[in-house]
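[1] coordinates for the following, if possible.
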Amino acid sequence: MNKSSFYFMRHGQTDWNAQQLLMGQKDIPLNNLGKEQAKKTIQKVRKLNIQTIYTSPLKRAFETAQIIATALNINLIIIEDLKEAHFGLHEGKKIKENFIESWIDGNINNISCESFQDVHKRIKPIVDTMQKNPHNNLIIAHGIIFLAITKLLGNDIVLLKNTEIIQLG
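    Numbering: from 1, shown residues only. This next block holds a predicted model:
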């Protein structure tokens, strides 16, 4: 069976994004700019002929997905495993230079943190399902989830801006 492609979008901006604070699984809502960013993507998503949107339950991703799904009358499915990585005691703190890279490489030893390998394992079944589905699907989730998906697919790891959409597969 051929692998199908699917789309990924990072959620809209939050106040913590603007302040460069590490959110992890803290349930931070979109700010006004984030809501506007989501609204601006509606026409682009319409052109992609998306059948279903899969989203993280965290407010920032869910709100982004809900704005788009409601406007376009698209099915919306919440998937727990699309939550952002859990960064424990680091959440709510300023993102230090090279923190994410060090965490991905396993150099952040904090018992309260979820490892990149654990994130990778929990999203693999989701990616497998997306690749087996012949319909156009959109995942709306978080930056680290995107990094894990790109690594699973053997692509270069790049950072995705808020509400940027990319085709994967």
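
[2] specify which residues of the chain, grouped into ranges, have pLDDT under the cut-off.
    Residue ranges of the chain with pLDDT under 70: 1-3, 109-111.

[3] what are the ranges of the strands in it?
    6-10, 52-55, 75-78, 137-141, 165-168 (DSSP state E).

[4] JSON lines for those strands, including distance to residue 20 and mean neighbour count?
    Where C-beta positions appear, they are placed from N, C-alpha and C, glycine not excepted. Converted to JSON lines, these look like this (distance: least, Cβ to Cβ, whole Å; neighbours: other Cβ atoms under 10 Å):
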{"stretch": "strand 6-10", "distance to residue 20": "15", "mean neighbour count": "24"}
{"stretch": "strand 52-55", "distance to residue 20": "24", "mean neighbour count": "22"}
{"stretch": "strand 75-78", "distance to residue 20": "27", "mean neighbour count": "13"}
{"stretch": "strand 137-141", "distance to residue 20": "20", "mean neighbour count": "27"}
{"stretch": "strand 165-168", "distance to residue 20": "22", "mean neighbour count": "14"}
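
[5] need these in TSV with distance to residue 32, can you?
    Compiled in TSV, the strands of the chain are given as follows (distance: least, Cβ to Cβ, whole Å):
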stretch	distance to residue 32
strand 6-10	18
strand 52-55	20
strand 75-78	22
strand 137-141	18
strand 165-168	21
